[in-house]
Structures are given as C-alpha cells and as structure tokens.
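K.L.:
Prediction below, plus the sequence it came from.
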Amino acid sequence: MDGQTSDTIPTNLRLLLVLEEVARVGVPVTPTEVNAQLGLPKPTIHRLFATLEDEGFLQKDIDGRAYSPGRRLRGMATGVLSSLRIRAARLAVLRKLSAQIGETCNIALPDRDSMIYLERVETEWPLRIQLPVGTTVPFYCTASGKMYLSTLPKAHLARYAASEEFEAKTANTIANADDLIAAVAEVRAQGYATDSEEFMDGMIALAVPVMDGNDRLVATLSFHAPTVRFDLDRSLTFLEDMRSAATDLASLLLD
C-alpha cells in the first residue's frame, strides 16, 4: 500500500486497491485476508466486496466465503495481455516455437472453470486440430488445465476436484477426483503437463507454465499435435524449447 493507512486512502482508490490485492494473492481470498493489508474498517471492506461482486468484478468461490476474479476483472486482464505491443512480441515467440516443433502452439489463461485460448499460431500441416482463440477447454482433461491446477493450494484443488463432474471426453479422460489429484501431483513434481488423448481422440499435448514476477502462473504455453505425427515421448524432446519460450513470454510481462 506504499505506506498509506486506511485514513489516507482516497475513497475512489479503495476499490482498485481491493482488486490489486485479490490479483496479487492469486487464489480465492476472503475480505478479512485482503483487509489485513489494507486496514479499512470492517463494514467498509465488506461493502467494497459486495459492490465488486454485484458489478461482476469479483465472484464468490465454491466455499461461499472467499472471492476470486469475476468475469469483468478477467476480461480486463485479458485486454491488458492483448495490447498491440505485447501481442506482437508474443506472436513472435509463438511463431519461433511453432517453427521449432512443427505443430500448433497456444497460450491459454485460466478462467472460472476452464482454460481459455488467448493466442495461437497454427501449424502449416493440412491435418490440424481446430481449437481457435477464444475456445474454452476443461481443466481436468487438458495439459494446460492440469498445469494450472498444479499451482493451486491443495485445499483449493481438493474443492475443485470434489465439485467437478468429469465428463468423459475420451476413453482416457480422468474419471474421478482421486485420479485427478494424483495426476496433478505428478504435474507439480515434474513441472510440465501432458494430455494423452484425454480431451480429444487422436491428439496429444504438452504444456508448461508462464510465471509472473511473483512466481505465480499467469498463463500456460502448450502445443498439441495429432498422434499420427507425434507421441508423448517425442513431445518431451521439445520440453526445453517450451520452457525457454515460456521464459521469453514471462519477460514480456515485466517490461
């Protein structure tokens, strides 16, 4: 808060400081936890949260107590990441990586209950998987989604897993909470995630995290390919190229 106290925070700045703190924490957070940093009167912090929820900037988490970014705040974040200067540099990174791998590369952002594709560079192969920008895909059966889930605190992951319906997309789709938690633990340990025909028959994928300056996931970088051209063993030969590209993307957030 840069040395400010609750008495010196201008009224028209308080909503922004609440949103800033929610974004900084990066996981669902309660008004009390946010107020530990802001020091506002208790009725004031609850009134601010209620306003932000009513206007769609925040939404209650599944536990009914904590809050996470709502539709309008997520839209703002996507808009910032899509600015022309950043987008040109981001596309350059994706094009280089796509040329190295020879397959379609994507950047995805975590949304409320799915990953949403922010950017994409297509392979030149005539046989390709169509998942255009703006497509949303589930957390539990995609490489990017499992990568995101691996960065959640275990309690938040457990709540998500307990509430997910686990629709079977293919014969390989994770089918229950215990299997998902085990798969995510493996992702957390290895630092990358794979999709072995879990979301779509005949498609594999590899994802790595794009981290911000506070070492939190802000996006995922992935590529996917038809199994007629790629298998998971071959995909892992490009892991270091993926990680290098993710570092380049992360640096764009810090410029």
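P.N.:
Sure thing, it's come through. Quick caveat: nothing in here was measured; it's all calculated off a predicted structure.

K.L.:
contacts and neighbour counts: CA atoms only from here.
P.N.:
Noted.

K.L.:
gap between the residue positioned nearest the centre of the chain and residue 189?
P.N.:
Nearest to the geometric centre of the chain sits residue 110, at 2.9 Å (C-alpha atoms, centre = their mean). Separation of residue 110 from residue 189 (C-alpha to C-alpha, to the nearest Å): 20 Å.

K.L.:
ok, which stretches of the stretch 51-200 of the chain are strands?
P.N.:
58-60, 67-69, 104-110, 114-121, 136-138, 193-196 (DSSP state E, counting those that start in this stretch).

K.L.:
buried set for the first one?
P.N.:
I take that to be strand 58-60. By 16 or more other C-alpha atoms under 10 Å, the buried positions in strand 58-60 come out as 58-60.

K.L.:
Mind pulling up the pLDDT for the residue nearest to the centre of the chain?
P.N.:
Note on residue 110: pLDDT of 86.

K.L.:
How about it: which residues does it bridge to?
P.N.:
On the basis of DSSP bridges, residue 110 is bridged to residue 115.

K.L.:
Throw the buried residues of strand 58-60 into a markdown table and include distance to residue 91 and pLDDT, thanks.
P.N.:
Formatted as a markdown table, those follow (distance: C-alpha to C-alpha, whole Å; pLDDT from 0 to 100):
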| residue | distance to residue 91 | pLDDT |
| --- | --- | --- |
| 58 | 30 | 88 |
| 59 | 32 | 83 |
| 60 | 34 | 82 |
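
K.L.:
What is the burial count for residue 178?
P.N.:
13 (other C-alpha atoms under 10 Å).

K.L.:
With residue 245 instead?
P.N.:
When neighbours are defined as other C-alpha under 10 Å, residue 245 has 20 of them.

K.L.:
again with residue 172
P.N.:
Neighbour count of residue 172, defined by other C-alpha under 10 Å: 15.

K.L.:
How about the contacts made by the residue lying closest to it once chain neighbours are set aside?
P.N.:
Leaving aside its sequence neighbours, residue 172 sits nearest to residue 198 (C-alpha to C-alpha, 6 or more residues apart in numbering; 4.8 Å). Residues in contact with residue 198, defined by C-alpha atoms under 8 Å, 6 or more residues apart in numbering, are 141-142, 169-174.

K.L.:
Quick check: the farthest pair among these?
P.N.:
Farthest apart among the contacts of residue 198 by C-alpha to C-alpha are 142 and 171. That separation is 13.8 Å.

K.L.:
the more surrounded of the two?
P.N.:
Neighbours around residue 142 and residue 171, counted as other C-alpha under 10 Å, are more numerous at residue 142. The numbers are 27 against 12.

K.L.:
burial of the residue nearest to residue 138 when sequence neighbours are not counted, as a residue count?
P.N.:
Nearest residue to residue 138 in three dimensions, chain neighbours excluded: residue 114, at 4.6 Å (C-alpha to C-alpha, 6+ apart). If you count neighbours by other C-alpha under 10 Å, residue 114 ends up with 19.

K.L.:
Test my guess that residue 114 contacts residue 143.
P.N.:
No. Residue 114 lies out of contact with residue 143 (C-alpha atoms under 8 Å); the separation is 11.8 Å.

K.L.:
what's the pLDDT at the nearest residue to residue 136 once chain neighbours are set aside?
P.N.:
Of all residues not flanking residue 136 in the chain, residue 116 sits nearest, at 4.3 Å (C-alpha to C-alpha, 6+ apart). In this model, residue 116 is scored at 87, pLDDT.

K.L.:
any idea how far residue 12 is from residue 102?
P.N.:
Taking C-alpha to C-alpha, one finds residue 102 at 50 Å from residue 12.

K.L.:
more crowded one of the two?
P.N.:
Comparing residue 102 with residue 12 by neighbour count (other C-alpha under 10 Å), the higher total belongs to residue 102, at 17 against 8.

K.L.:
Which residue lies closest in space to that one, excluding its sequence neighbours?
P.N.:
Using C-alpha to C-alpha, 6+ apart, the nearest residue to residue 102 is residue 123, at 6.1 Å.
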